[in-house]
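[1] Give the three-dimensional model of this entry:
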Amino acid sequence: TTLIKKMIQEAYCGEQMVLIENEFGEIGIDGSFLKDAGVDAIPTNWTELLEAYCAETAVKKLPPVKRLYRAIVKRLPQSFKTWISLRPAYLTTYQENKRRIRSAGRQIVYLLDTPCHDNLGDHAIAWAQRKFIEKALPDAMILELPIELVDMHLKFIRRHIRPDDLFCFIGGGNFGDAYLMHEYSKRKVCQLFPDNRVIIFPQTISYSDTPQGHRELELTQKALRPHRRLTITARDSVSHQRAKQWFPEAESILTPDIVLSLAPVEADVPRKGILCCLRRDTERNDSVWAGDVVTRLAADGHSFTLSDTAGEGRVSQADRHGALEKKWREFCGAQLVITDRLHGMIFACITSTPCIVLDNYNHKIRNFYRSWLSDIPYIRFAEQAEELLPLTRELLELGNASWDPGLLAEKYAPLWDALREDPA
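    Coordinates of the predicted model:
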């Protein structure tokens with residue numbers, strides 16, 4: 001408050017000022033602190049003002065402060081604007097979920113942090129994870145909560161929690177400091193529900209070697225370590241070692257990515273050409289030669305199609321399976337896939353499509369390949385640029401490939417046992 005008063009008196013003297021800050025908790029106290037300090041503050045609900053962005057009201061008819069907020073919102077990330085526009089639908093879902101929780105009368109498995117974004121790798125995880133839980137716990141009710149909806153449900157869930165209710169976090173690559181919304185969610189659930197089992201499905205665990213990475217790891221350790229019924233599932237040997245080292249109090253198990261538990265995918269389409277499934281996001285490894293793939297293929301006379309497992313528009317839970325089937329059909333129609341996506345490699349596996357794999361920035365693809373897929377003859381990892389074209393020619397001549405899910409089926413036994421554990 002001293003700093004704010006000084007800014008108002010000296011830096012912004014005579015001007016109107018809007019202070020945006022996080023009133024964390026059910027009862028706001030910072031506004032009263034400002035008033036007590038002599039600051040003429042008018043508390044305004046941030047959410048209500050943001051909703052003005054979605055209203056059809058003309059800007060000129062809005063009060064001055066709402067006009068200012070509207071100008072601010074125009075500069076917000078598109079993901080936050082999407083959240084605002086979907087908030088009415090989220091509230092409807094919340095009311096329906098409250099009814100389901102009240103009337104469940106049986107064990108509830110809360111499937112947490114599932115995606116509504118455009119990454120089909122994450123959607124494949126959510127799809128496979130749900131199928132796996134349905135087989136392991138056929139009598140339980142599964143309640144899926146996307147990452148945007150988890151926080152608004154926790155207070156109600158806490159009032160109606162049962163001893164045998166189970167929390168299952170989505171697997172993937174979100175255990176670390178790269179995707180902090182997922183990190184916050186894990187911390188909060190472990191702190192609020194210390195007596196219920198919590199299972200984190202197969203994950204890559206990766207914290208950056210930076211001050212922020214070290215700080216986030218310490219915060220997560222502080223939140224997770226007291227929980228005595230926590231199971232952390234790693235999907236590669238490096239992450240498994242990290243789980244045992246950083247979270248020694250938790251049960252640490254090792255299984256493949258949950259998508260590899262799905263049955264083989266087939267489509268009646270002819271195979272033709274090369275499918276380059278290359279990422280364009282922050283996980284791309286710009287220090288290697290992956291960006292040169294297209295140039296090398298073209299120079300060698302190969303025909304190819306560019307694709308990705310993300311970036312084709314937001315996918316809802318209702319649209320998930322259709323979007324996945326469309327992408328898997330695309331993989332089934334290729335003679336060869338070249339990818340730096342972990343789930344590009346996995347989609348190639350389950351569609352029996354020969355694949356050349358390139359690494360990403362934190363080596364999760366290399367670690368996963370070495371842990372589970374290095375003995376699959378039609379999946380090959382390219383360490384150097386010089387390997388690309390020879391591997392391309394070799395795999396194009398390979399002929400029919402075939403995925404056998406039995407190769408890894410027994411590797412999921414620790415996760416199956418964790419789900420089936422007596423909740424008492």
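[2] burial measure for residue 314, as a count.
    12 (other C-beta atoms under 10 Å). Backbone N, C-alpha and C define where each C-beta goes, glycine included.
[3] Output stretch 261-273 in CSV with nothing but the alpha carbons.
    This file holds the C-alpha atoms of stretch 261-273, laid out as CSV (Å, rounded to 0.1, in the frame of the first residue of the first chain):
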residue,chain,number,x,y,z
SER,A,261,-2.6,-49.2,-24.6
LEU,A,262,-5.1,-48.7,-27.4
ALA,A,263,-5.9,-51.3,-29.9
PRO,A,264,-4.3,-51.0,-33.4
VAL,A,265,-5.9,-48.5,-35.7
GLU,A,266,-6.8,-49.5,-39.2
ALA,A,267,-8.3,-47.6,-42.2
ASP,A,268,-9.1,-48.8,-45.6
VAL,A,269,-7.0,-46.3,-47.5
PRO,A,270,-4.1,-46.7,-49.8
ARG,A,271,-0.7,-45.7,-48.5
LYS,A,272,1.0,-43.0,-50.5
GLY,A,273,3.9,-40.7,-50.0
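[4] Tell me where the stretch 251-400 of the chain has strands.
    Here the stretch 251-400 of the chain has its strands, by DSSP state E, counting those that start in this stretch, at 251-254, 274-277, 304-307, 336-339, 355-357, 379-381.
[5] Between those, which one is closest to residue 228.
    Nearest to residue 228 among these is strand 251-254 (9.7 Å), distances taken as C-beta to C-beta.
[6] Could you export the strands of the stretch 251-400 of the chain as TSV, including mean pLDDT?
    Below are these laid out as TSV (pLDDT from 0 to 100):
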stretch	mean pLDDT
strand 251-254	97
strand 274-277	93
strand 304-307	90
strand 336-339	94
strand 355-357	94
strand 379-381	95
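[7] closest one to residue 96 among these?
    strand 251-254 (33.5 Å).
[8] and the closest one, what does it pack onto?
    strand 230-234, helix 237-246, helix 413-420 (3 or more C-beta pairs under 8 Å, 6 or more residues apart in numbering; DSSP states H and E).
[9] Could you tell me the angle between the longest one and strand 230-234?
    Think helix 237-246. Put simply, helix 237-246 runs at 150 degrees to strand 230-234, going by axes from the mean of the first three to the mean of the last three C-alpha atoms, to 10 degrees.
[10] Can you list the buried residues in helix 237-246?
    238-240, 242-243, 246 (16 or more other C-beta atoms under 10 Å).
[11] Could you dump the strands of the stretch 251-400 of the chain into CSV with mean neighbour count and distance to residue 167 added?
    What follows is the strands of the stretch 251-400 of the chain, written out as CSV (neighbours: other C-beta atoms under 10 Å; distance: least, C-beta to C-beta, whole Å):
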stretch, mean neighbour count, distance to residue 167
strand 251-254, 20, 14
strand 274-277, 24, 32
strand 304-307, 15, 35
strand 336-339, 27, 32
strand 355-357, 25, 33
strand 379-381, 20, 33
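[12] Reformat those strands as a markdown table; add distance to residue 316.
    Output for the strands of the stretch 251-400 of the chain, formatted as a markdown table (distance: least, C-beta to C-beta, whole Å):
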| stretch | distance to residue 316 |
| --- | --- |
| strand 251-254 | 31 |
| strand 274-277 | 23 |
| strand 304-307 | 21 |
| strand 336-339 | 25 |
| strand 355-357 | 29 |
| strand 379-381 | 31 |
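[13] and residue 214, which of those strands is closest to it?
    Across those, closest to residue 214 is strand 251-254 (C-beta to C-beta), at 20.7 Å.
[14] what about residue 386, neighbour count?
    So residue 386, with other C-beta under 10 Å, has 11 neighbours.
[15] What's the separation between it and residue 292?
    Per C-beta to C-beta, to the nearest Å, residue 386 is found 11 Å from residue 292.
[16] Can you pull the residues that touch both of these two?
    By C-beta atoms under 8 Å, 6 or more residues apart in numbering, residue 386 and residue 292 have no common neighbours.
[17] So residue 401 lies in a helix, does it not?
    No: counting by DSSP: H, G, I helix; E, B strand; the rest coil, residue 401 falls outside a helix, being coil.
[18] ok, and the closest non-adjacent residue to it?
    residue 378 (3.8 Å; C-beta to C-beta, 6 or more residues apart in numbering).
[19] As a check, name the ranges of all helices in the stretch 101-250 of the chain.
    Assigned by DSSP state H, counting those that start in this stretch, the helices in the stretch 101-250 of the chain fall at 120-136, 150-160, 180-192, 211-224, 237-246.
[20] Quick one: work out the angle between the first one and helix 413-420.
    Right, helix 120-136. 60 degrees.
[21] From the contact counts, what lies against helix 120-136?
    When contacts are defined as 3+ C-beta pairs under 8 Å, 6+ apart, helix 120-136 sits against strand 108-114, strand 141-146, strand 172-176, helix 320-332, helix 342-350, helix 413-420.
[22] in that helix, what counts as buried?
    For helix 120-136, by 16+ other C-beta under 10 Å, it's 120-130, 132-133, 136.
[23] Restrict that helix to CA atoms and write it as PDB.
    Only the C-alpha atoms of helix 120-136 are listed here, as PDB (Å, rounded to 0.1, in the frame of the first residue of the first chain):
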ATOM      1  CA  LEU A 120      -4.500 -34.200 -30.600                       C
ATOM      2  CA  GLY A 121      -1.700 -35.900 -28.700                       C
ATOM      3  CA  ASP A 122      -3.200 -34.700 -25.500                       C
ATOM      4  CA  HIS A 123      -6.700 -35.700 -26.700                       C
ATOM      5  CA  ALA A 124      -5.500 -39.200 -27.500                       C
ATOM      6  CA  ILE A 125      -4.100 -39.400 -23.900                       C
ATOM      7  CA  ALA A 126      -7.500 -38.400 -22.500                       C
ATOM      8  CA  TRP A 127      -9.300 -40.900 -24.800                       C
ATOM      9  CA  ALA A 128      -7.000 -43.800 -23.900                       C
ATOM     10  CA  GLN A 129      -6.900 -42.900 -20.200                       C
ATOM     11  CA  ARG A 130     -10.700 -43.000 -20.000                       C
ATOM     12  CA  LYS A 131     -10.800 -46.300 -21.700                       C
ATOM     13  CA  PHE A 132      -8.100 -47.700 -19.400                       C
ATOM     14  CA  ILE A 133     -10.000 -46.500 -16.300                       C
ATOM     15  CA  GLU A 134     -13.300 -47.900 -17.600                       C
ATOM     16  CA  LYS A 135     -11.700 -51.400 -17.900                       C
ATOM     17  CA  ALA A 136     -10.000 -51.300 -14.500                       C
END
